[in-house]
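[1] fold the following for me, if possible:
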Amino acid sequence: MHAPTDHTVADGQLRRSPPRHAPLPPARSRTTRPGPLLRLRLAPDGQVPRRLDGVWWPRSDDLLTELPELLAGLPRAWGDIVSVMVNGTAWAGSPGRMLVCNQVVRLRRSTTSHAPDTVVLMAPGRGRRDLRVVPPGTTEEAARPLMSAGADGLV
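    Prediction:
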């Protein structure tokens, strides 16, 4: 059995993460080199509602770095994400909003313990999408079954 590779799976296609975008504030310059592959597995689309829509495994707890890559790697069918809610204790400090792909995204933090391992994405007219977050420090061996469950719609 071979080791898994980092990749983005969205709509069944492999995609490279786009360059990182500058958050507001502070402004950072945009890089021209492609970033690492986004570690995201989405459940297949279907008519049956589910609690989670996929699994995301960020590389760090720096939301300003990780969130732009996540949002840029989501399927277009999910619409423009304008609001993101994360667990306030799981991420390093961040502003209340940031600029991603020339769009302001509002960041909210939750301190409730009912869903400490999720990120909630909201898009006007498209609704809510919930992703399970695999903690950044998780080993590949421990993350593999969680990521596979997300791709199979079992999360």
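[2] flag every buried residue along stretch 61-80.
    Residues of stretch 61-80 classed as buried by neighbour count (16 or more other Cβ atoms under 10 Å): 63-74, 78-79. (Each C-beta comes from the backbone N, C-alpha and C, glycine too.)
[3] avg pLDDT for it?
    Stretch 61-80 carries an average pLDDT of 92.
[4] mind checking the end-to-end distance for that stretch?
    23 Å (Cα to Cα, to the nearest Å).
[5] what's the first helix or strand after the helix or strand harbouring L70?
    When elements are assigned from DSSP states H and E, L70 belongs to helix 63-73. As assigned by DSSP H and E, the chain's next helix or strand after helix 63-73 is strand 83-87.
[6] what mean pLDDT does that next one have?
    91.
[7] after that strand, which helix or strand is next?
    strand 97-100.
[8] so what are the sheet partners of that next one and their directions?
    Here strand 97-100 has these sheet partners by DSSP bridges: strand 103-110 (antiparallel).
[9] just the buried positions in the partner strand, please.
    V105, L107, R109, S110.
[10] repeat for stretch 123-136
    A123, R129, D130, L131, R132, V133, V134, P136.
[11] closest to G93 among the residues you listed?
    Closest to G93 out of those is P136 (15.6 Å), distances taken as Cβ to Cβ.
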